[in-house]
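> Here is my input, please return the structure:
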Amino acid sequence: MEKKKVVVGMSGGVDSSVAAYLLKEQGYDVIGATMQIWQDEDRDVQEENGGCCGLSAVDDARRVAQILDIPYYVMNFKEEFKCRVMDYFVEEYLAGRTPNPCIACNRYVKWEAMLKRSLEIGADYIATGHYARIARLPNGRYAVRNSVTARKDQTYALYNLTQEQLAHTLMPVGEYTKEEIREIAGKAGLPVAHKPDSQEICFIPDHDYAAYIEKAAGGRAPKEGNFVTEDGEVLGRHRGITHYTVGQRKGLNLAMGHPVFVTQIRPETDEVVIGEAGDVFGDVLLCDHINYMGMEDFSQPREVLAKIRYAHAGERCVIERVAEDMIKCTFRKPVRAITPGQAVVFYEDGYVLGGGSIRA
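As a prediction, this is how the structure comes out:
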């Protein structure tokens, strides 16, 4: 019987390296591949920006591939990454929203572009080092399932994958804890066994989102505007709406005598709305750009567990269709900082049912 061929997306980190090792141990014909997505051709700039797309990532991934004795390639997805992730990131912030670029990268670059390229070269699957699992549900649909370790679970950032993508994806790391993955890497002699995890957005390594957006947007970058109350009272001046996100308390530089928070961003008037701690909580949101995963669709209101950001533990809510591409979520308990641009992801019994982008 011919071995199934799998292309493993190797970021140079321990998780994807162990994913390649595990799949080879399981008998797959493994090919390693790193996505070239960094836009600058200058070697010094690429090395400085590191992350999961710099030259150091390529060097580490290539060393691991040599040890595992598997073919290794660098695949150029610079154009797809620029369009689908970097430009999207800027446009969302200009519109007063707070995007999650990793979700866009997963759907349109790591899966859509990489899977297409992999299938073209004869692969049966692609694989990643995400802490998640894939299951086929009784209804016949594929769904992402929580990993065995809640602390590292990455299912939230994978809600937007399609059925076709999931059918051709393997995620072996989801069966292990981070400590177990590092132990496997050490025993296998992989040089990245103790490499620190990458924390930053790969194309903004200094975390200065506003400076990046100002440079990328040029003349369209937001100017200074007013901090206002909900009813329009001016409280002071701000540096531009791209410096702020809903729920933010630090860096406002408002002498109010007590902590205040960003409750809304109004790009049409360049206003940042300020409120009290209680004003940051809400129990209803609307989301669009719906992707159905574990469920095909639904016609009646349904209770689910919903997460409104990556680090959110989740809260019970009732979801109901209010338009063709719009779901209303009513939470049992108020949740903090419902943030337009972030994703809301629906779960049931540890499986992702689907999700969408928060509009309001």
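
> what residues are up against Leu115?
126, 165, 168-169 (CB atoms under 8 Å, 6 or more residues apart in numbering). Quick note: C-beta positions are derived from backbone N, CA and C, even for glycine.

> Please read the previous query as pertaining to Ala337.
Ala337 neighbours (CB under 8 Å, 6+ apart): 246-247, 280, 308-309.

> so which of those is the most crowded?
Ile308 (26 neighbours; other CB atoms under 10 Å).

> what sits against that residue?
Neighbouring residues of Ile308 by CB under 8 Å, 6+ apart: 285, 315, 335, 337-339, 342-344, 358.

> quick one on the thing from earlier: go through the contacts of Leu115 and flag which are in strands.
Residues of the contacts of Leu115 located in strands (DSSP state E): 126, 169.

> Kindly reformat the contacts of Leu115 as a markdown table and extend each row with neighbour count.
Below are the contacts of Leu115 laid out as a markdown table (neighbours: other CB atoms under 10 Å):
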| residue | neighbour count |
| --- | --- |
| Ile126 | 23 |
| Gln165 | 21 |
| His168 | 18 |
| Thr169 | 22 |
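
> could you say which helix or strand contains Arg237?
Using DSSP states H and E, Arg237 sits within strand 234-238.

> Equivalent analysis for Asn291, please.
strand 281-292.

> Export only the CA atoms of that strand, formatted as CSV.
Output in CSV follows, covering the C-alpha atoms of strand 281-292 (Å, rounded to 0.1, in the frame of the first residue of the first chain):
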residue,chain,number,x,y,z
PHE,A,281,-19.7,44.6,29.6
GLY,A,282,-22.5,43.6,27.2
ASP,A,283,-24.8,40.6,26.7
VAL,A,284,-25.6,40.8,23.0
LEU,A,285,-23.5,40.9,19.9
LEU,A,286,-24.0,40.6,16.1
CYS,A,287,-21.6,38.7,13.9
ASP,A,288,-21.4,38.2,10.1
HIS,A,289,-19.1,36.5,7.6
ILE,A,290,-20.3,33.2,9.2
ASN,A,291,-18.4,30.0,8.7
TYR,A,292,-20.2,26.8,9.6
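
> ok, and what's touching the helix or strand following it?
Sequence-wise, the next helix or strand downstream of strand 281-292 (DSSP H and E) is strand 302-307. Residues outside strand 302-307 that contact it (CB under 8 Å, 6+ apart): 156, 313-320, 329, 331, 344-348, 353.

> Report the strands that pair with the strand holding Arg237, each with its relative direction.
Strand 234-238 has the following strand partners under DSSP bridges: strand 225-228 (antiparallel).

> So what touches the strand it pairs with?
In contact with strand 225-228 (CB under 8 Å, 6+ apart) are residues 234-238, 240-241, 252, 254, 269-274.

> filter those to the buried ones?
235, 238, 240-241, 252, 270-274 (16 or more other CB atoms under 10 Å).

> circling back to that earlier point, check the offset of the strand holding Asn291 from the chain's centre.
What separates the centre of strand 281-292 from the centre of its chain is 17 Å, taken as CA atoms, centre = their mean, to the nearest Å.

> lowest-pLDDT helix or strand in the protein?
helix 43-49 (a mean of 47; mean pLDDT, DSSP states H and E).

> Against Leu137, how distant is Ser118?
25 Å (CB to CB, to the nearest Å).

> Which of the two has more residues huddled nearby?
Ser118 (24 against 16).

> so Met10 touches Thr34, yeah?
Yes: with contacts counted by CB atoms under 8 Å, Met10 reaches Thr34, the gap being 5.3 Å.

> what do those two both touch?
Joint contacts of Met10 and Thr34 (CB under 8 Å, 6+ apart) are 61, 72.

> the more surrounded of these two?
Met10 (33 against 24).

> Just give the nearest non-adjacent residue to the more buried one, would you?
Ala61 (3.9 Å; CB to CB, 6 or more residues apart in numbering).

> Where does the one you found fall, secondary structure wise?
Judged by DSSP H and E, Ala61 forms part of helix 55-68.

> Who are the packing partners of that helix?
If contacts are counted by 3 or more CB pairs under 8 Å, 6 or more residues apart in numbering; DSSP states H and E, helix 55-68 sits against helix 14-25, strand 29-36, helix 43-49, strand 72-76.

> Buried residues in that helix, which are they?
Buried, per 16+ other CB under 10 Å, within helix 55-68: 55-58, 60-65, 68.

> try stretch 212-228
Buried-residue list, stretch 212-228, by 16+ other CB under 10 Å: 212-214, 216, 221-222, 225-228.

> Check stretch 255-269 too.
Here stretch 255-269 shows 260-265 as buried, counting by 16+ other CB under 10 Å.

> Just the ones in strands from those residues, please.
Reading strands off the buried residues of stretch 255-269 with DSSP E, I get 261-265.

> From the contacts of strand 225-228, pick the one nearest Glu180.
Set against Glu180, the nearest of these by CB to CB is Leu252 (42.4 Å).

> contacting residues around that closest one?
Leu252 is in contact with 227, 238, 244, 260, 262, 274, counting by CB under 8 Å, 6+ apart.

> quick one: contacts for the second one?
Put plainly, it is His238. Counting by CB under 8 Å, 6+ apart, His238 has contacts 224-227, 244, 252, 272.

> Just give me the closest of those residues to Glu296.
The closest of these, once distances to Glu296 are taken by CB to CB, is Tyr244, at 38.1 Å.

> Report how many residues lie close to that closest one.
Neighbour tally, Tyr244, other CB under 10 Å: 23.
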